[in-house]
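Q: I would like the atomic coordinates for the input below:
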Amino acid sequence: MSVRTEALAVLVRAPVGVAYAVLTDVDGWDAWWPGCRTRRDDRRDGVGTGTGGVAAPADHHHLRLPVGRRGLRCRAVVDGWRHDRGLRAALRAGVDADAEWWLEPVADGTVVHLLVAARGRGGGRVVRALGDGLQALKDHLELAVAVAAGRVP
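A: Residues are numbered from 1 along each chain as shown. Predicted coordinates:
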């Protein structure tokens with residue numbers, strides 16, 4: 001089975017704490033990611049593994065990622081959080097993918113890194129959808145910071 005691995009990054013002119021709060025609120029992704037739909041599956045929430053194999057809560061979501069005409073429906077298990085540094089999720093659909101976002105504070109804001117490893121046919125669709133989401137996150141955060149600073153009428 002082929003594995004497609006991609007690493008992407010964007011500079012976001014927003015503090016790391018603001019970026020972390022928005023990124024880790026998977027229930028709110030559809031508020032800033034055009035075409036994304038998310039619904040929590042409370043029946044399946046449980047325990048996953050955090051950093052270093054330590055037990056951590058796991059959030060289960062049904063996602064519709066905006067890619068192609070019909071989008072990509074998948075289940076997401078978010079089970080790895082690093083305080084103010086990022087999160088990890090497993091995406092299961094016709095394609096299995098693991099995604100990890102991590103945040104790097106820099107002088108001008110935050111670099112948001114994304115590493116995606118997709119297995120099976122259609123891995124490119126997952127990478128494209130998550131890359132578009134990364135750009136949507138950047139646009140949303142930069143607009144929010146500009147509005148908060150009074151730079152946007």
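Q: Give the residue spans of this protein that score low on pLDDT.
A: Along the chain, segments meeting pLDDT under 70 span 1, 43-57, 153.
Q: So which residues of it form strands?
A: 3-12, 37-40, 46-49, 55-65, 72-82, 86-92, 96-106, 109-119 (DSSP state E).
Q: elements contacting the last one?
A: So that's strand 109-119. In terms of contacts (3 or more Cβ pairs under 8 Å, 6 or more residues apart in numbering; DSSP states H and E), strand 109-119 is packed against strand 3-12, helix 16-23, strand 96-106, helix 123-148. Backbone N, C-alpha and C define where each C-beta goes, glycine included.
Q: give the contact list for residue 99.
A: 88, 89, 90, 91, 114, 115, 116, 117, 130 (Cβ atoms under 8 Å, 6 or more residues apart in numbering).
Q: What is the nearest of those to residue 42?
A: Set against residue 42, the nearest of the contacts of residue 99 by Cβ to Cβ is residue 89 (16.9 Å).
Q: Could you measure from the nearest residue to residue 95 once chain neighbours are set aside over to residue 100?
A: Leaving aside its chain neighbours, residue 95 sits nearest to residue 122 (4.4 Å; criterion: Cβ to Cβ, 6 or more residues apart in numbering). Residue 122 is 20 Å from residue 100, where distance means Cβ to Cβ, to the nearest Å.
Q: Max pairwise distance over the contacts of residue 99: which two?
A: Greatest spacing in those, by Cβ to Cβ: 90 and 114 (14.5 Å).
Q: So between those two, which is more surrounded?
A: Neighbours of residue 90 and residue 114, each counted by other Cβ atoms under 10 Å, are more numerous for residue 114; the result is 20 against 17.
Q: ok, that one - contacts?
A: Residues in contact with residue 114 (Cβ under 8 Å, 6+ apart) are 6, 7, 8, 9, 99, 100, 101, 130, 131, 134.
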